[in-house]
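> My questions concern the predicted model and sequence given below.
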Amino acid sequence: MNLTDDTRFQQEMFEAIKDERKREIRKTLNLIHLKSTSKKLISIYSWKLQAVAAAVVILLVSGGLIGDFFTNTPIQQSLYTEYFNPDNSILSVRSVAVVDSKLKEGMNYYEQGKYTEAISIFQLEPDNLLGSLYTGFSFMKLKKYEKAAPFFIEIIADNDNLLVDQAEWNLGLCYLINEQETEAVELFTKVSIGNTVYRKSASIILQELKRE
Amino acid sequence: MREIASERILKGIIDNDHEVMQYIYKKYFESIQGFVIRHGGTRDDAADIFQDGIIIVYEQLKNKELKLKNTFHTYFYTICKYTWLKVLRDKDKRYYQQFEVSKEYDQINQQDYHTEIDELIEKEKRIKLYDANFIKLSKECQKLLKLVALGQSVQEIAESFNYKSVGFAYKKRRICKERLIRYIEEDTEK
């Protein structure tokens, strides 16, 4: 196939390149589908999560470990460990038809736990907000919370997207673990009065912080 | 869910209006998914078909004023079902031949705008191929080709990239274009 001299092909190719609106429409539809899938998965998996949590509590109580666990760990650390769980997002991204090859490649690294490699792939497409979200998650997995925060801030600043809920929640967790309590409280207060799946958890964190 | 009139839906698609897009998804995705799964597809296939359906509507709106003969509901379902049939024809010939003799197939195939949809489906396939290869280019090449597509002269491109000469901008433009064409050709040959 020789496309170099094909004028019609080149005209169509340039038409495709400049059609930003079409790319935006695809992005919007991907995000809507992602959010819908994510919500369904949360409800499907929530009973399993509850069962696992209950089993862990029983084990800790029966082993007499619960007291040590909480007294030896600072509250921020324990809340962070309890609530940092981007795995539902992973599941949802898996089930979305990810047409973007770089994002797909980055996700593969992420799922294998190769977070540094994942970040470098996601950053080849800095405008991709889903890539930014997973760059944030990757930095959190690497315990580089200060580096994760700007990626969530970028998503929140963009505002008109469906990843804002997850970005706000995880930014709050970054502040929490980084002992930026004023920022954490401010953000969790916002989440706790909002209308997202994180509302209840944000209220619990605020109560725990107050109790401290 | 509050109903949105067909005219507003069409305007919402061309404007990429978030609220309208969400409305269309909530209202139509489940049943399109049902149709696709019933006829040999998966949830991911349904998401693709739904998205392609919206893009076909967008293309029709972009090129001319779209006068709906029926409601948006009927029009959109037909596009999605027809698009899936096209996929099915390539994916599962045997199933397609069985389905071809059914009443449901006749109903979908009765519409009179299929030639146009056929062309748009084929065009979208090609555009996906361009897009998938365009993102393989360096950021510099992507930006440069975008400017070319937007009609900027080589002189203007040389200035916006701070290239040392117009000749160099010509060279870069040729290299980027050739690289993109090569990627597309390689992808097509796979």
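Received it, and whenever you're ready, just let me know what you need. Just so it is clear, the structure is predicted and the values come from calculations on it, not from any experiment.
> For B:Tyr183, which non-adjacent residue is closest in space?
Among residues not flanking B:Tyr183 along the chain, B:Asn133 sits closest, at 4.0 Å (Cβ to Cβ, 6 or more residues apart in numbering or on different chains). All C-beta atoms are positioned from the backbone trio N, CA, C, and that covers glycine.
> cool, A:Ile156 as well?
Using Cβ to Cβ, 6+ apart, the nearest residue to A:Ile156 is A:Ala167, at 5.1 Å.
> helix or strand right after the helix or strand harbouring the one you found?
For A:Ala167, the element it lies in under DSSP states H and E is helix A:164-177. Using DSSP H and E, the next helix or strand after helix A:164-177 towards the C-terminus is helix A:181-192.
> So what touches that following helix?
For helix A:181-192, contacts defined as Cβ atoms under 8 Å, 6 or more residues apart in numbering or on different chains pick out A:76, A:168-169, A:171-172, A:175-176, A:198-199, A:202-203, A:205-206, A:209.
> which helices and strands does the helix or strand containing B:Lys146 pack with?
Element membership of B:Lys146, judged by DSSP H and E, is helix B:139-149. Contacting helix B:139-149 under the criterion 3 or more Cβ pairs under 8 Å, 6 or more residues apart in numbering or on different chains; DSSP states H and E are the following elements: helix A:7-18, helix B:154-160, helix B:166-189.
> What count of nearby residues applies to B:Asn63?
By the criterion of other Cβ atoms under 10 Å in any protein chain shown, B:Asn63 has 10 neighbours.
> quick one: the residue nearest to A:Ile156 and B:Ile127, what's the gap?
Between A:Ala167 and B:Ile127 the distance, using Cβ to Cβ, to the nearest Å, works out to 30 Å.
> one step back: which pair of the contacts of helix A:181-192 spans the longest distance?
A:Gln76 and A:Arg199 (20.3 Å; Cβ to Cβ).
> Settle it for me: which of those two has more neighbours?
A:Gln76 (21 against 14).
> Name the nearest residue to the more buried one, sequence neighbours excluded.
A:Leu176 (5.2 Å).
> my read: the one you found touches A:Tyr80, true?
Yes - applying Cβ atoms under 8 Å as the test, A:Leu176 and A:Tyr80 come out as touching, 5.5 Å apart.
> Surely B:Ile37 touches B:Ala46?
Yes - with contact defined as Cβ under 8 Å, B:Ile37 reaches B:Ala46; the gap is 6.8 Å.
> Report the angle between the strand or helix carrying A:Leu130 and helix A:164-177.
Element membership for A:Leu130, per DSSP H and E: helix A:129-141. Computed by axes from the mean of the first three to the mean of the last three Cα atoms, to 10 degrees, the angle separating helix A:129-141 from helix A:164-177 equals 20 degrees.
> so what does the helix or strand following helix A:129-141 touch, helix or strand wise?
Next helix or strand after helix A:129-141 toward the C-terminus (DSSP H and E): helix A:145-158. On a contact count with 3+ Cβ pairs under 8 Å, 6+ apart, helix A:145-158 meets helix A:129-141, helix A:164-177.
> burial count for A:Arg8?
A:Arg8, neighbours per other Cβ under 10 Å, totals 8.
> quick one, what contacts it?
Shown in contact with A:Arg8 (Cβ under 8 Å, 6+ apart): no residues.
> Give me the mean pLDDT for the helix holding A:Leu130.
Averaging pLDDT along helix A:129-141 yields 91.
> So in chain A, where's the weakest helix or strand by average pLDDT?
Lowest by mean pLDDT, DSSP states H and E among the helices and strands of chain A is helix A:66-71, with a mean of 40.
> chain center to the next helix or strand after it: distance?
Counting by DSSP H and E, the next helix or strand C-terminal to helix A:66-71 is helix A:75-83. Centre-to-centre, helix A:75-83 and its host chain are 17 Å apart (Cα atoms, centre = their mean, to the nearest Å).
> one step back: so which of B:Ile37 and B:Ala46 has more stuff around it?
Using other Cβ under 10 Å as the criterion, B:Ile37 and B:Ala46 rank with B:Ala46 on top: 23 against 13.
> residues contacting that one?
B:Ala46 neighbours (Cβ under 8 Å, 6+ apart): B:29, B:32-33, B:35-37.
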